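*Asks:* quick one, what's the 3D model for this:
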Amino acid sequence: MSRSLQTLLILAVAVLAGIAGYFANRNGAPAGQTHVVPDTAIDALFALTLPDTDEQPQALEQWRGKVIVANFWATWCPPCRKEIPDFAAASQAFAGQPVQFVGISIDSLDKVRAFDTEFDVPYPLLIAGPETLNLAKNFGNDARALPFTVIIDRDGKARHIKLGTLKRDELESRIRALLPS
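*Replies:* Predicted coordinates for the structure are as follows:
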């Protein structure tokens, strides 16, 4: 199979997954976690080391012990583009607290850099390939659709999982519930 055909097939699958996620959310998909997340899924997430927009490797393990908001997204995904300004504002609202936002982009470095320049995202945007969506399946995202967010507490347990967009008020409420009073 030629490289261009392979790339086209990957892009087609990714677009279909994004569309499925968009319509699943519009049709009332569950807003939160609906099953128990195996420890292996959490371990696999913390085992990820992906390059950031400066091409520096970033291990998710470095943020263990914080509330982690891991958002799987892509620049070509309209619902992703819609929610990231809310994620950026929420990340700034929790600055100085033990909270770490991380965007795991299923996209190319150049497109993510351009997106970051346009939106000035204040948290790390990591570059991943479509195979990283297999990790999302371990969290219950069988369609491997985008956007997809996992919120992990300071003890390393998945406390909120959402397929589809998260609005700022819901996001901040979920995070506040995981922080000491």
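
*Asks:* the closest residue to Glu172 other than its chain neighbours: neighbour count?
*Replies:* Excluding its sequence neighbours, the residue lying closest to Glu172 (CB to CB, 6 or more residues apart in numbering) is Ala90, at 5.2 Å. Backbone N, C-alpha and C define where each C-beta goes, glycine included. Ala90 has 22 neighbouring residues, counting by other CB atoms under 10 Å.

*Asks:* what's the helix or strand hosting Ala136 packed up against?
*Replies:* Per DSSP states H and E: Ala136 is located in helix 133-138. Using 3 or more CB pairs under 8 Å, 6 or more residues apart in numbering; DSSP states H and E, the elements in contact with helix 133-138 are helix 39-47.

*Asks:* in the helix it packs on, what counts as buried?
*Replies:* Ala41, Ile42, Ala44, Leu45, Phe46 (16 or more other CB atoms under 10 Å).

*Asks:* ok, those vs Lys157, which is closest?
*Replies:* Ile42 (7.2 Å; CB to CB).

*Asks:* got a list of what that closest one touches?
*Replies:* Listed by CB atoms under 8 Å, 6 or more residues apart in numbering, the contact set of Ile42 reads Ile152, Gly156, Lys157, Ala158.
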